[in-house]
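Participant: model the following, please.
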Amino acid sequence: MKTYQELITEMGRGDVNELKSRLPVAIEHLLKLKHMTGRRLTDNRRGWEQSLRNQYNELAVHLKRNNAIKTELTPEVLDKAHRAAIAKLTKEYPTVNFPKGRTLSLEEIVGPGAWEYIKPKPKLKAPPKAKR
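Facilitator: Numbers count the residues shown, from 1 in each chain. As a prediction, this is how the structure comes out:
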């Protein structure tokens, strides 16, 4: 029988895996919406936007449930997700010129709902010292 700590650790790993699998999908749809033109864009925009909203919602759910996984959103993880998305897109759309390097911010990739859970907290200024 698993201990409580083992169950928590296992659940955390599941959230991390879920997070990492959703990132390339979100990036893929963002890049399609930014770089596709003409009939491809008009025929597919609504589906891509809906898929992106689904990714955003799920990312927010996972980050809200397990705030510790935000440490997994490193530049290396984002770069790897971007490379995976680009690899898929260039096979699917060989004539479209997608950017090779990551051009999307973390906020764009995870969406506004998830960003609320991971954005840097503003630093509070110390009150001015009273003069004596």
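Participant: please count neighbours and contacts with C-alpha atoms only from this point.
Facilitator: Noted.
Participant: low-scoring stretches of this protein, by residue?
Facilitator: 1-12, 113, 115-128, 130-132 (pLDDT under 70).
Participant: most centrally placed residue in it?
Facilitator: V110 (3.2 Å; Cα atoms, centre = their mean).
Participant: dump the residue contacts of it.
Facilitator: L23, A26, Q55, Y56, L59, A60 (Cα atoms under 8 Å, 6 or more residues apart in numbering).
Participant: what ranges do the strands span in this protein?
Facilitator: Assigned strands in the chain: none (criterion: DSSP state E).
Participant: ranges for the helices of the chain?
Facilitator: 4-35, 38-65, 75-92, 106-118 (DSSP state H).
Participant: of all those, which lies closest to K100?
Facilitator: Judged by Cα to Cα, the one of the helices of the chain that comes nearest to K100 is helix 75-92, at 7.2 Å.
Participant: out of the helices of the chain, which one sits most buried?
Facilitator: helix 106-118 (a mean of 19; mean count of other Cα atoms under 10 Å).
Participant: noted, bye for now.
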